[in-house]
Structure formats: structure tokens, C-alpha cells
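>>> only the shape, not the letters, is given here:
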């Protein structure tokens, strides 16, 4: 990676109202003294030759950039010829060889090449006005177009350039083409030296018309800047309006969706309310039926409880009657057993008499006892029948009451 050369002196006086000098090429000590004595301000020297650049670095208030100006960063061969101050990083054209039949190369060295924008970045900030000196055979077009693209041509008040009458290098510019190019941009030829008719040094100044044009262009540039700013603000406002409109539409769409969902929810709730009403009516009807059933169950329960009480009373009455009848029946049973024994003993009496047994007691007495016994048994049977009839009547009365209760 190519390292960008740094200026060897600080940028003294930069940004002042004075004009600065941009010197491109092999500047002699006399030329540099002339520029500094003119009060032009800080000179910025662009010199690719390391030896010459070192000679300029010893001066105070001089910004030296050790590089040649090209379209791209890189390296190039700086070729020096046997003609005074003739050197270039570009191949020679046929016109140079024709003009100088004895042309030969004195030396070649590799130098740094940088675009003008990078060179000027090392000398920032520049003054308001600029004096320009160019002595770079084959690089005239590249340098002038770079100055114009950097918007520095409007700040140039004086321009000196050493240019061949013909195109001596492949990328160079001839005198006629140079005059036309500068005239189109408001520069008029002020003077021209004829010390070397093949390489004249021409000085240009800005014409009155060009100055007025510059003023108008400056105003136009300011207006364009204002217009651009206005357009940018308008575009931002339009963009903000569009974004706001988009956001509003999105909000409206979202609101519409939420409203539709709310309506759907309301319909669902209304349907649910109707269904709940129907269910409530059904539940109320079921509750009424349940209450009626409960009332009937309670009535039936009360009836069953009454029947149970009656049945219990009848059972208790029957139990009491049986309790009363049991001893009597037991007595009657015992009496009947005794009576049966007595009858059995009476039947065996004739047999005993035949066996010389003592004579039996008087019949009258026996008859009386027998009658008494029969009378007692008859009385017991009659009493039992009476008690049985009473129990039957009691049961009949209880059943009759039960039927009445049911009715």
C-alpha cells in the first residue's frame, strides 16, 4: 500500500484572507523567492523529486508535498531529459522527438503519484484566492481538470503555465488547445515569454467579463445551494408527509381491523347473551319443575311419615294386645293340657277297677269337677275369642283410617 507523503512544514497562515500560491513543477530558488516576496502568502510546492523537495523544506512557511499529480494513486517513472527543466512521468510524443533530434534520457527515478484532491487535503485549509503556477509537461490537462473539478478554478486570480507549442507528450496539451480551454473559462492571456519559443511561459488573468461571470456563477451556486437545501427540506417534508400518510393509513387499516374484530366480538357476545337467556329460561323452567317435584316429594314424604306413624301405632297396639294375650293364651294352653290329661285319666279308670283298684269317687262330684273344668275352658276360649275380635276390630279401624288418609 502506497504511503501518502506528508507536508514537511506546518500550514502557517492557512485560511487567512491572503492569496496562496500553488507551485507545481521544478521551482528554482529565484522563482520561489519571487512568489514569497510578492506577499502572495503561503506557497504550496508540489515536487516529486526528493532532492528538490528537500531543498524547499529548509524554507520556513513553505508547505512541500513530495509527489506528482495524477488521476490515481500509485507509482510512476519520472524521466529527465537533456533539455533544461524538461521532465515528465508520461511517454514522449512524436513531436518531441521531431523537435529535438538529439533528445536523450538523463535519468529516471520512481516517484509517488497522488490525485490533486489528496494533495490539497494535506494543505487545508486553503485561502480564499489562489495563484497557480504549472510546469508539468504532459500533465497540463490532468492538473487543470482536477483544479476545475475541485472548484478551485473560480478562486484562481492569476495563472502561470509553461506549455509547449505542440503536444510533446501523449497526455499533454498544445498551446492553442490550452488558450482555448482557458478562454472558455474566463482567463485572458496577459503576457508570454519568448525565451524558449518551443516552451513559452504564459501568464493569464481573469477578464472583467469572466469576473462578472464568476460573480454570477457564485450567486448561481449559492442559489443552487439554497435551492438544493430547499429541495432537500421539501423532500424531507414530502418524505415525512408520506411516512405520516403511510402511518395514518396503517393506523386507519389497523383501526378498521380492530373495529371489525370488535363488531364480530359484539355479535358473538349478543349471540351468547341470547343463548344464555334461553338457557336461563330453561333453567327457570327446570327450577320450577324441580320445585314442584320437591313439593310433591315433601307431600309424599309427609304422607309416608303419617302412614308410618299409623302403622307404628297399629304395630304397637298389636304388640300390646299380644303382650296381654300371651299370658292368657299360656294359661289356656296349660288348662287344655291339664284337661287333656284329666280326660286321659278318666278313660283309664274302668281298667283300674278291673284290677281291684279302690272304687272311684262319687260320680256327682266327678261330674261337678268335669263341668267346672269344661266351664273354665269354655270361659277361656270365649275370652280368647273376645280378645281376638277386639284385635281384628282395631286392625280394621286402623286400615279404615289409613284409607281415609290416602283419600
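That came in fine, so what should we check first? Source: prediction; values computed, not measured.

>>> show me where this structure has helices.
29-37, 50-57, 94-99, 116-121, 140-149, 175-183, 208-347, 349-354, 363-406 (DSSP state H).

>>> so what's the model's average confidence on the third one?
Along helix 94-99, the predicted local confidence has a mean pLDDT of 91.

>>> which parts of that helix are buried?
Using 16 or more other Cβ atoms under 10 Å as the burial criterion, the residues of helix 94-99 that qualify are 95, 96, 99. Glycine gets a C-beta too; all of them are placed from N, C-alpha and C.

>>> residues contacting the last one?
Pointing back at residue 99 there. 166, 168, 198 (Cβ atoms under 8 Å, 6 or more residues apart in numbering).

>>> is it true that the last one touches residue 162?
Which is residue 198. No - counting by Cβ atoms under 8 Å, residue 198 stays clear of residue 162, with 10.8 Å between them.

>>> comparing the two, which shows the higher neighbour count?
When residue 198 and residue 162 are compared on other Cβ atoms under 10 Å, the one with more neighbours turns out to be residue 162, at 19 against 15.

>>> the more buried one bridge partners, please.
Residue 162 has these beta-bridge partners by DSSP bridges: residue 201.

>>> who are the contact partners of it?
25, 134, 135, 137, 199, 200, 201, 202.

>>> so how far is residue 219 from the fourth one?
What it means is residue 137. For residue 137, the distance to residue 219 equals 38 Å [Cβ to Cβ, to the nearest Å].

>>> tell me how many other residues crowd residue 165.
16.

>>> please name the residues that touch the residue nearest to it when sequence neighbours are not counted.
Nearest residue to residue 165 in three dimensions, chain neighbours excluded: residue 175, at 4.8 Å (Cβ to Cβ, 6 or more residues apart in numbering). With contacts defined as Cβ under 8 Å, 6+ apart, residue 175 is in contact with 163, 164, 165, 166, 200, 202.

>>> surely residue 108 is in contact with residue 87?
No - counting by Cβ under 8 Å, residue 108 does not reach residue 87; the two are 9.7 Å apart.

>>> need the overlap of contacts for the two.
Residues touching both residue 108 and residue 87 (Cβ under 8 Å, 6+ apart): 78, 79, 80.

>>> which of these fall in strands?
Counting by DSSP state E, the shared contacts of residue 108 and residue 87 place 78, 79, 80 in strands.

>>> would a markdown table of these with neighbour count be doable?
Shown next, in a markdown table, are these (neighbours: other Cβ atoms under 10 Å):
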| residue | neighbour count |
| --- | --- |
| 78 | 18 |
| 79 | 18 |
| 80 | 16 |
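
>>> longest strand of this structure?
The residue-count maximum for a strand in the chain (DSSP E) belongs to strand 105-114.

>>> relative orientation of it and helix 50-57 in degrees?
Relative orientation of strand 105-114 versus helix 50-57 (axes from the mean of the first three to the mean of the last three Cα atoms, to 10 degrees): 60 degrees.

>>> strand partners (parallel or antiparallel) of strand 105-114?
strand 68-69 (parallel), strand 74-81 (antiparallel).

>>> looking at the ones you listed, which is nearest to residue 240?
Across those, residue 240 has its closest neighbour in strand 68-69 (44.6 Å, Cβ to Cβ).

>>> check the offset of that closest one from the chain's centre.
53 Å (Cα atoms, centre = their mean, to the nearest Å).

>>> avg pLDDT for that strand?
Rounded mean pLDDT across strand 68-69 is 93.

>>> contacts for it?
Residues contacting strand 68-69 (Cβ under 8 Å, 6+ apart): 24, 46, 48, 76, 78, 89, 111-116, 119, 136, 139, 142-143, 146.

>>> can I get the helices of the chain in JSON lines including distance to residue 72?
Shown next, in JSON lines, are the helices of the chain (distance: least, Cβ to Cβ, whole Å):
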{"stretch": "helix 29-37", "distance to residue 72": "29"}
{"stretch": "helix 50-57", "distance to residue 72": "21"}
{"stretch": "helix 94-99", "distance to residue 72": "24"}
{"stretch": "helix 116-121", "distance to residue 72": "10"}
{"stretch": "helix 140-149", "distance to residue 72": "11"}
{"stretch": "helix 175-183", "distance to residue 72": "22"}
{"stretch": "helix 208-347", "distance to residue 72": "28"}
{"stretch": "helix 349-354", "distance to residue 72": "175"}
{"stretch": "helix 363-406", "distance to residue 72": "127"}
